[in-house]
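# structure, please.
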Amino acid sequence: MLEGKRILVTGASGGIGSAVARGCARAGAIVGLGFRASRRQAETLAAEAPESFRLVPFDVHLPEEVDRAITAFVAAEGRVDGLVNAAGVIHPELLAVARTEALRELLETNLLGSLFCARAVLPQMIRQRSGVILNLSSVAAVHPSRGQAAYAATKAGLEALTRGLAVEYGRKGIRAVGIRVGPVATRMLEGTRAIAETELLAHLPFARLGRPEEVADLAVFLLGEKAGYITGSIHTVDGGYLQG
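Coordinates of the predicted model:
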């Protein structure tokens, strides 16, 4: 489905990011593994399929690093067909007692980092007159749990970014889509489960958490040509959480 495509995945050493990277590689893409501190995890993933994976270390907080890393990826691979903004953090804290540094990290990683990465790939995608920007959002954007006020705000902003990119760059052949992820069994969810697991499970008709691979399957489809008339939309993978 992605044969010959060049896809860059940020947060590729994390649970959903690594699942998306694996899914893209299985579908035939060359995949840039964007990571910051988790070099060992990224190298372990790259070793699974050295012919498909490229290590791309950079910090999404720093626009200069983002620009250098994406320029280098394009120079090495000749193009960039897809960007998956999967890098994200969550600090489950009630806003009244939330730490300022935690609030800043949420904004800088989940929203500003995605903006910086999108801005960096756009010039090449405009030259190609093709490309897909896929943003990983969360059900918290529309139905936050306790302790998620700031996190929800960053994900709602990311969904607005998705719609804005679709409007601005559709005529250049560029699509922007989002996946609104529900409760998925990753390390990132552990803090939220500690605060509100009972509330969380009560909203799940399937009575189980999702698997990262279930998100990755949709990501691969949205990045491919069969989704060529899909843009500006947010697609929910939540096991019925928002209906529960």
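
# ok, and the closest non-adjacent residue to P183?
L209 (5.1 Å; Cβ to Cβ, 6 or more residues apart in numbering). Using the backbone N, CA and C atoms, a C-beta is placed for each residue, glycine as well.

# same thing with A185?
L209 is the one closest to A185 (Cβ to Cβ, 6+ apart), at 4.2 Å.

# and the helices in the chain, which stretches?
Remark: helices assigned in the chain by DSSP state H are 15-26, 39-48, 63-77, 100-106, 113-128, 149-169, 190-202, 212-223.

# from D238, how far off is L223?
20 Å (Cβ to Cβ, to the nearest Å).

# the two: which has the busier surroundings?
L223 (28 against 23; other Cβ atoms under 10 Å).

# contact partners for that one?
Applying Cβ atoms under 8 Å, 6 or more residues apart in numbering to L223 gives the contacts L2, K5, I7, C24, A29, D81, G82, V84, V132, L134.

# how about a cut-off of 10 Å?
Going by Cβ atoms under 10 Å, 6 or more residues apart in numbering, L223 touches 1-2, 5, 7, 20, 23-24, 27, 29, 81-84, 131-134, 175, 177.

# tell me the pLDDT of G228.
Looking at G228, its pLDDT is 97.

# an error on my part: the question was meant for A185.
Value for A185, per-residue pLDDT: 81.

# tell me who's in contact with it.
G15, R193, R208, L209, G210, R211, P212.

# just the closest of the residues you listed to V181, please.
G210 (7.7 Å; Cβ to Cβ).

# picking up where we left off before, return the member of the contacts of A185 nearest to L45.
Using Cβ to Cβ, these come closest to L45 at G15, 11.6 Å.

# any idea how far L107 is from the closest one?
22 Å.

# burial count for the residue nearest to A185?
With other Cβ under 10 Å as criterion, L209 counts 17.

# quick check: it touching M188?
No. Between L209 and M188 there is no contact under Cβ atoms under 10 Å: 11.8 Å.

# what residue ranges in this structure score low on pLDDT?
Counting by pLDDT under 70, the ranges of the chain that qualify are 189, 191-193, 195-196, 244.

# okay, which residue is most central for it?
Central residue of the chain (Cα atoms, centre = their mean): A86, 2.2 Å from the mean position.

# roughly how far apart are it and T10?
Distance from A86 to T10, by Cβ to Cβ: 6 Å.

# check A207 too.
Going from A207 to T10 by Cβ to Cβ gives 32 Å.

# between the two, who's got more neighbours?
T10 (29 against 10).

# who's in contact with that one?
Neighbours of T10 in contact, by Cβ under 10 Å, 6+ apart: 17, 32-36, 56, 58, 60, 66, 69, 83-88, 109, 113-114, 116-117, 136.
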